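Chemist: need a 3D model of the following:
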Amino acid sequence: MTPLHPSPEQFRLEEVLAAFGHPVRAAIVRALAPGEEMFCGAIVPGVPKSTLTNHWRVLRESGVIYQRPSGRKLYITLRRGDLDARFPGLLDLVLSEESFGQAA
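Modeler: Model prediction:
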């Protein structure tokens, strides 16, 4: 089954902001910010797989990440170009916040 990846025109600001709003998802976005594709199991170690599945879905369906299956592994990248095209400056602003992605 191929996961749903919305086109940039389908991104909704409230969904993107909601995706950024959870500490685990924020940590995922911060980890992906340098632009490298990462194996999903290496991004936030220590978080149960069942919990991450929901976070991947929220991030993917909001347009924040792209998932690429390769054999039994799933690789993830931040859709920085698409996010910047749809909401210029938003990702940089969110990532510049010192508390973004850190537990309160």
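Chemist: check which helices and strands whichever strand or helix holds Ile28 sits against.
Modeler: Taking DSSP states H and E as the definition, one finds Ile28 inside helix 23-32. Counting contacts by 3 or more C-beta pairs under 8 Å, 6 or more residues apart in numbering; DSSP states H and E, helix 23-32 is packed against helix 13-20, helix 49-62, strand 65-70, strand 73-78, helix 90-96. C-beta here means a position set from N, CA and C on the backbone, and glycine is covered the same way.
Chemist: turn those into TSV, including distance to Asp84, mean neighbour count and mean pLDDT.
Modeler: Shown next, in TSV, are the helices and strands packed on helix 23-32 (distance: least, C-beta to C-beta, whole Å; neighbours: other C-beta atoms under 10 Å; pLDDT from 0 to 100):
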stretch	distance to Asp84	mean neighbour count	mean pLDDT
helix 13-20	12	16	95
helix 49-62	15	16	93
strand 65-70	14	15	94
strand 73-78	10	17	94
helix 90-96	6	15	91
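Chemist: which one of the ones you listed lies closest to Ile43?
Modeler: strand 73-78 (6.7 Å; C-beta to C-beta).
Chemist: ok, and what's touching that closest one?
Modeler: Contact partners of strand 73-78, identified using C-beta atoms under 8 Å, 6 or more residues apart in numbering, comprise 28-29, 32-33, 35-41, 43, 56, 64-69, 91.
Chemist: okay, angle between it and helix 23-32 too, please.
Modeler: Taking axes from the mean of the first three to the mean of the last three C-alpha atoms, to 10 degrees, one finds strand 73-78 and helix 23-32 inclined to each other by 80 degrees.
Chemist: rewinding a little: avg pLDDT for the helix holding Ile28?
Modeler: Helix 23-32 comes out with an average pLDDT of 93.
Chemist: can you list the buried residues in it?
Modeler: For helix 23-32, a neighbour-count test (16 or more other C-beta atoms under 10 Å) marks Val24, Arg25, Ala26, Ala27, Ile28, Val29, Arg30, Ala31, Leu32 as buried.
Chemist: ok, now how distant is the fourth one from Gly35?
Modeler: It stands for Ala27. Counting by C-beta to C-beta, to the nearest Å, the gap between Ala27 and Gly35 amounts to 17 Å.
Chemist: check the third one too.
Modeler: To Gly35, Ala26 is 17 Å away according to C-beta to C-beta.
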